[in-house]
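K.L.:
my questions concern the predicted model and sequence given below.
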Amino acid sequence: MSNCVAILSGGLDSTTLVYHLFNEDYIPHCLSFNYGQRHSKELDFAWHTADRLDLQFDEIDLTSITGLISNSALTHGKEVPDGHYAEENMKQTVVPNRNMIMLSIAAGVAVSNKYKFVAAGMHAGDHFVYPDCRPEFIDALSEAVLTGNEGFHNFAKREVQKFSGVVHYREPIYTPFIHKTKADIAYRALELGVPLDTTWSCYRGKDVHCGRCGTCVERLEAIAEAQQRAMETELNNGNLIEDKTVYADKEYWRTVTNV
Ligand SMILES: [Zn+2]
């Protein structure tokens, strides 16, 4: 029976988050948000992950507000740029107030079901472009959820978790990766045995990952670093843990990341 909410987009971070929660003995109720993404590939992957793990899953349709709030490359007709996850490119992918909207809906689901918390997979690499992925935003929203829902703190606010030596306080909004890099998350995915090819990152939503857009480059770079680290730490007896994801161009990322 579910005891927390996880926002599951179907990407590497949120899929790893779900496995991470499982590993901590929580059973997440997964929520995916359809805010009019250019493609629904991520949502399909999210559904499949929830189905595979036998988790409660709901897709929340926000498309009726998309036209009112969005002018970004994720939801409009602009071409998604090739290249590294650079600020100039990625500013095009900001959907205003997206996390506030998704997290408040998820908090409503958590409160009404007496779940312990809402978990979300934002990480340190998101901070420089997305203000609503930064710790100060999450802290403020946690406080707002506690203030706005009497009694929620009775089961929400407890100190519990140690993850890689960092003590986290189980606030209503739980973001275990917020001080981690994308490579840290990829490493965690390898530790937890997350099948990487069951996650979708590409902004382009074709049959396979393009390997060239900002998120593909970021993903490939992070996975390569995590694989390297895994070999150094003998995670798989020192053998390479393969990424079975298919990429249209698997080498382009090296040309833009100096690796
Ligand atoms: Zn791509």
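P.N.:
Thanks, I have the structure now.
K.L.:
need the helix or strand of the protein with the lowest average pLDDT.
P.N.:
strand 158-163 (a mean of 46; mean pLDDT, DSSP states H and E).
K.L.:
which residues of the stretch 151-259 of the chain lie near the ion?
P.N.:
Contacts of the stretch 151-259 of the chain with the ion, taken as CB under 5 Å from the ion, map to C202, R204, C210, C213, C216. For every residue, glycine as well, the C-beta is placed using N, CA and C.
K.L.:
give me that answer again for 6 Å
P.N.:
C202, Y203, R204, H209, C210, R212, C213, T215, C216 (CB under 6 Å from the ion).
K.L.:
now D54: which helix or strand?
P.N.:
Using DSSP states H and E, D54 is not contained in any helix or strand.
K.L.:
can you give me the strands for the stretch 101-250 of the chain?
P.N.:
118-119, 158-163, 166-170, 173-174 (DSSP state E, counting those that start in this stretch).
K.L.:
my read is that C213 contacts R204, right?
P.N.:
Yes: C213 lies in contact with R204 (CB atoms under 8 Å); the separation is 5.6 Å.
K.L.:
tell me if I'm right that Y115 and M1 touch.
P.N.:
No: Y115 is not in contact with M1 according to CB under 8 Å; the separation is 10.1 Å.
K.L.:
what's across from C30 in the sheet?
P.N.:
Beta bridges link C30 to A6, F57 when assigned by DSSP bridges.
K.L.:
what about it, how many neighbours?
P.N.:
For C30, the number of neighbouring residues by other CB atoms under 10 Å comes to 28.
K.L.:
dump the residue contacts of it.
P.N.:
Residues near C30 by CB atoms under 8 Å, 6 or more residues apart in numbering: V5, A6, I7, L8, V18, A46, T49, A50, L55, Q56, F57, D58.
K.L.:
which pair of the residues you listed spans the longest distance?
P.N.:
V5 and T49 (14.9 Å; CB to CB).
K.L.:
more neighbours: these two, which one.
P.N.:
The neighbour comparison of V5 against T49 (other CB under 10 Å) goes to V5, with 30 against 24.
K.L.:
residue contacts, the more buried one?
P.N.:
28-31, 106-107, 109-110, 113, 115, 117-119.
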